[in-house]
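[1] Compute the structure for the input listed below.
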Amino acid sequence: YTAVTTDKLEEWFAEMVDDGKERVSAWTYVSGVRSIAARWTLRYYEKEGWGVKAIEIPTIKNVKPGRYERLTDEARAGVKKWYEELWALDDKRLWLAATMMLQFAMRNGDVVAATGENFVERKGVMHLRYKPRKTESSSGRVVMWPIHEDIWKRIAEARKSIAGTDKDGPLVPGASWVFVRLNRALRDAVPELAQKEKAMYELRKLRVDAEYRNLGAERASALSGDDIRTLSYFYADVADLAPAAVKAEDLI
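    Predicted coordinates for the structure are as follows:
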């Protein structure tokens, strides 16, 4: 606590950026330091007689990521080809982990926490049901999303081939390491993602953008668990959504 001064944090930010980390990622690390002296912790420090105050972090400009821009046609084709080839691999954990992000726009952290109990049947259709951890303490929304029959058949087949899977256990055993492997493989397979530190997260963005673009903001929000304001900035390229030119008087 005494070592983490505002100047030190600013130096740390600069070092991370110099080492190639994206500014927004570096800022996430810096701002996260505030949790050491979060408001709820202060009374516990006081009980110990420690004069701990909230940590002041430096003022750093241009750390907010830019609006989402859809990947090029070539990159999207590369992602789809890479994804399709995963099914042929013996380790079906790779396909299953990638599927949860690309088909259902789950965050990798939610995939790590998922179990077989997150699949539920409703009116004869299998659904994915879970509460995104990132919004659990804010909106607290639950995602309930139908699973295409073809995808569900492959999910069931993949789970049977993965040793040690059961309804109560992890959906993807060893998921954290699986995502490390997938991230490296995706960066190698798609040149446009080669410099993306979190290349796998682009699968979630692609999925949400596609839902927004083709079927509307409400469905995209229901799929991702995020509000529409967040979607339109971080996950959907809304610059080119009009399907055709129209005259105002034809709409009014």
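
[2] for the closest residue to Asp168 other than its chain neighbours, what are its contacts?
    Nearest residue to Asp168, sequence neighbours excluded (CB to CB, 6 or more residues apart in numbering): Thr115, at 6.1 Å. All C-beta spots, glycine's among them, are computed from the backbone N, C-alpha and C. With contacts defined as CB atoms under 8 Å, 6 or more residues apart in numbering, Thr115 is in contact with Lys167, Asp168, Gly169, Pro170, Leu171.

[3] try 10 Å this time
    By CB atoms under 10 Å, 6 or more residues apart in numbering, Thr115 lies in contact with Tyr130, Thr165, Asp166, Lys167, Asp168, Gly169, Pro170, Leu171, Val172.

[4] go on, Lys205?
    Per CB under 10 Å, 6+ apart, neighbours of Lys205: Tyr68, Glu69, Arg70, Leu71, Met101, Ala105, Ser224, Phe234, Tyr235, Ala236, Asp237.

[5] how close does the closest residue in space to the third one that isn't next to it in sequence get to Gly20?
    So the one you mean is Arg70. Leaving aside its chain neighbours, Arg70 sits nearest to Asp237 (4.0 Å; criterion: CB to CB, 6+ apart). Between Asp237 and Gly20 the distance is 26 Å, computed by CB to CB, to the nearest Å.

[6] For Glu74, the count of nearby residues, please.
    Using other CB atoms under 10 Å, Glu74 has 11 other residues around it.

[7] where exactly do the strands run in the protein?
    With DSSP state E as the criterion, the chain has strands at 119-122, 125-130, 143-146.

[8] out of these, which comes closest to Ala97?
    strand 125-130 (13.9 Å; CB to CB).

[9] Could you list every helix and strand in contact with the closest one?
    helix 108-113, strand 119-122, strand 143-146, helix 149-161 (3 or more CB pairs under 10 Å, 6 or more residues apart in numbering; DSSP states H and E).

[10] Would you mark the buried spots in it?
    Across strand 125-130, burial judged by 16 or more other CB atoms under 10 Å covers Met126, His127, Leu128, Tyr130.

[11] Just the closest of those to Arg93, please.
    Looking across these and measuring by CB to CB, the closest to Arg93 is Leu128, at 17.3 Å.

[12] picking that back up, do you know which of the strands of the chain lies nearest Asp250?
    strand 143-146 (34.5 Å).

[13] Can you give the strand pairings for that closest one, parallel or anti for each?
    Strand pairing for strand 143-146, determined by DSSP bridges: strand 125-130 (antiparallel).

[14] contact partners of the partner strand?
    Outside of strand 125-130, the residues within contact range by CB under 10 Å, 6+ apart are 100, 103-104, 106, 110-111, 113-115, 117-122, 142-149, 151-153, 155-156, 171, 223, 225.
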